[in-house]
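>>> Whatever this is, show me its structure:
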Amino acid sequence: MGQHSINNYKGKFHSSLSTYMISFIRERNLYTSKDECVELQYTMGQLDRYLVSIGYTKKYLNQESIQGWLGSFSGIKDITLYRKYIIVAKFSRYLCEMGMDSYIIRAPRKLRHCDFVPHIFTHEEILMLFNTADSLRQRSTQSKSFILIMPALLRLLYSTGIRIGEALNIKNEDIDFDRKVIVINKSKNGKQRYAPINDSLEFILREYLAWRTKIKKCQLDKPNAHFFVNFLGNNPCLRAVQTWFKKILDQSNIVIKGDPETYRLHAIRHTACVHAMMKLSKGGMNVYAYLPVLATFMGHKHINDTEYYLRLTLEMYPEILKIDKHLTPDILNKLSKYSNMNYEYE
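Down below sits the predicted model:
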């Protein structure tokens, strides 16, 4: 989302807070992904229309207006409603920073503690996904197809554990092969962090670059150009990548057990964290001691977000972690006391 798209949206806000909404979107646009900005604009548009419908004229958000807007949604998934809570809370904080004493709402506990449990791919299933992506790329003849980036993209997601939105926003200048790191500038939390490049990932990324040099479109090698593109030099949107992942999953012969919705692209990030914990445990490391390191690796704002993966690992691979079950609940309770209970599953 660039400045052009923000300007096109100006005429679509009509409430008393329209000016602040546009400036809020413009600021968030500096460090959020394209798809996140689309969601933000859509949600702010919903809020704007609601405020107009009730004749709201204040230059701040009060508790009644926020609760009324959130209460107007019915029949939507908990996770969707939760994201609306998060967006309106961020907008209220922004208004407070602008000197407007706005009410900041917290999402109900039942929404923050979503029951959704992602599928954790086995090592064998990860290899099946990689092999299928490689095969589909070799057979592809369409220049517009984004299957051409999928082998490198999937390996990047699994190797680094970064979010798909963060991966698609990587620019050429963000990849430093000399230091073996990728700079994540547009992160979910708005903070810069680094993702490591191991030897196998470096080989895959350089292989992808060798293929990309064959594209005739100029300026693809500019520092601020997107790293992942198709044969036409276009950066993919999230939906296109998700569609291709679904095709890869369908053709990989992975047996779907339980809810198919848990076999989503984002599950690779969850898998990366759980597999990292498994590797630490097999190496004789104390997983609890490494939670702060894993939190940094995953880009988590709160250590409890990382501890959620530990719970998954305990449930799915108890024989691997070999942790005294009598000590585990006490340790988890202590972790909960020192962190904000706000699972984001991201």
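
>>> contacting residues around the helix or strand where residue 203 lies?
According to DSSP states H and E, residue 203 maps onto helix 199-212. Helix 199-212 is touched from outside by 148-149, 151-152, 155-156, 159-160, 175, 177, 180, 197, 220, 229, with contacts defined as CB atoms under 8 Å, 6 or more residues apart in numbering. In this view, the C-beta of every residue, glycine as well, is placed from N, C-alpha and C.

>>> Show me how the record splits the chain into domains.
Following automatic domain parsing, one gets these domains for the chain: 3-112, 123-251, 266-337.

>>> The second one: end-to-end distance?
By that I understand domain 123-251. With CA to CA, to the nearest Å as the measure, domain 123-251 spans 17 Å from end to end.

>>> Now do the buried residues in the helix holding residue 203.
Neighbour-count burial for helix 199-212, counted by 16 or more other CB atoms under 10 Å, picks out 201, 204-205, 208-209, 212.

>>> what about the strands in the stretch 151-300 of the chain?
Secondary structure of the stretch 151-300 of the chain by DSSP state E, counting those that start in this stretch: the strands cover 175-176, 181-184, 193-196.

>>> quick one, which of the ones you listed is nearest to residue 29?
strand 181-184 (16.8 Å; CB to CB).

>>> tell me what the closest one is packed against?
strand 175-176, strand 193-196 (3 or more CB pairs under 8 Å, 6 or more residues apart in numbering; DSSP states H and E).

>>> rewinding a little: buried only: go through the contacts of helix 199-212 for me.
Burial by neighbour count, 16+ other CB under 10 Å: within the contacts of helix 199-212 this picks out 148-149, 151-152, 155-156, 159-160, 175, 197, 220, 229.

>>> Can you say which two of those are spatially most distant?
Taking CB to CB, the two most distant members of the buried ones among the contacts of helix 199-212 are 159 and 220; they sit 23.2 Å apart.

>>> tell me the mean pLDDT over the particular helix or strand that has residue 52 in it?
For residue 52, the element it lies in under DSSP H and E is helix 34-53. If you average the pLDDT over helix 34-53, you get 89.

>>> Let's see the helix or strand following that helix as CSV, backbone CA atoms only.
The C-terminal neighbour of helix 34-53 among helices and strands, as given by DSSP H and E, is helix 63-71. Only the C-alpha atoms of helix 63-71 are listed here, as CSV (Å, rounded to 0.1, in the frame of the first residue of the first chain):
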residue,chain,number,x,y,z
GLN,A,63,-16.8,3.9,25.6
GLU,A,64,-20.3,3.9,24.4
SER,A,65,-19.4,4.5,20.7
ILE,A,66,-16.7,1.7,20.7
GLN,A,67,-18.9,-0.8,22.4
GLY,A,68,-21.8,0.1,20.2
TRP,A,69,-19.7,-0.4,17.1
LEU,A,70,-18.2,-3.7,18.2
GLY,A,71,-21.7,-4.9,19.3
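
>>> Give me the helices and strands touching helix 63-71, please.
helix 34-53, helix 78-97.

>>> With distance to residue 266 and mean neighbour count added, can I get these in a markdown table?
Below are these laid out as a markdown table (distance: least, CB to CB, whole Å; neighbours: other CB atoms under 10 Å):
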| stretch | distance to residue 266 | mean neighbour count |
| --- | --- | --- |
| helix 34-53 | 12 | 18 |
| helix 78-97 | 12 | 17 |
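
>>> which one of those helices lies closest to residue 14?
Comparing those by CB to CB, helix 34-53 comes nearest, at 5.4 Å.

>>> Okay, angle between the closest one and helix 63-71 too, please.
Orientation check (axes from the mean of the first three to the mean of the last three CA atoms, to 10 degrees): helix 34-53 against helix 63-71 gives 120 degrees.

>>> quick one: contacts of helix 34-53?
Residues outside helix 34-53 that contact it (CB under 8 Å, 6+ apart) are 1, 5, 9, 12-18, 21, 24-25, 28-29, 32, 65, 68-69, 72, 83-84, 87-88, 91, 165, 168-169, 188, 237-239.

>>> Kindly recompute the last result at 6 Å.
Residues from elsewhere that reach helix 34-53 (CB atoms under 6 Å, 6 or more residues apart in numbering): 1, 9, 13-15, 21, 25, 28-29, 69, 84, 87, 165, 238.

>>> so which of these comes closest to residue 284?
Nearest to residue 284 out of the contacts of helix 34-53 is residue 165 (CB to CB; 35.0 Å).

>>> Share the number of residues neighbouring that closest one, please.
Neighbours of residue 165 under the rule other CB atoms under 10 Å: 20.

>>> if I look at it, how far off is residue 37?
In this view, residue 165 and residue 37 are 10 Å apart by CB to CB, to the nearest Å.

>>> now swap in residue 184 and tell me
Distance from residue 184 to residue 37, by CB to CB: 17 Å.

>>> do the same with residue 212
For residue 212, the distance to residue 37 equals 25 Å [CB to CB].

>>> So which of the helices and strands packed on helix 63-71 is nearest residue 233?
Nearest to residue 233, of all these, is helix 34-53, at 16.1 Å by CB to CB.

>>> got the angle for the closest one vs helix 78-97?
Using the same axes, to 10 degrees: helix 34-53 against helix 78-97 is 70 degrees.

>>> Dump helix 34-53 to CSV, restricted to CA.
Only the C-alpha atoms of helix 34-53 are listed here, as CSV (Å, rounded to 0.1, in the frame of the first residue of the first chain):
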residue,chain,number,x,y,z
LYS,A,34,0.1,-4.5,2.2
ASP,A,35,-2.5,-6.9,3.3
GLU,A,36,-2.6,-5.6,6.9
CYS,A,37,-3.1,-2.1,5.6
VAL,A,38,-6.0,-3.3,3.4
GLU,A,39,-7.6,-4.8,6.5
LEU,A,40,-6.9,-1.7,8.5
GLN,A,41,-8.6,0.6,5.8
TYR,A,42,-11.6,-1.8,5.6
THR,A,43,-12.1,-1.9,9.4
MET,A,44,-11.6,1.9,9.8
GLY,A,45,-14.1,2.4,7.0
GLN,A,46,-16.6,0.2,9.0
LEU,A,47,-16.0,2.3,12.1
ASP,A,48,-16.4,5.6,10.1
ARG,A,49,-19.7,4.5,8.6
TYR,A,50,-21.0,3.5,12.0
LEU,A,51,-20.1,6.8,13.6
VAL,A,52,-21.9,8.6,10.8
SER,A,53,-25.0,6.4,11.2
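
>>> That's all I had, so thanks and see you.
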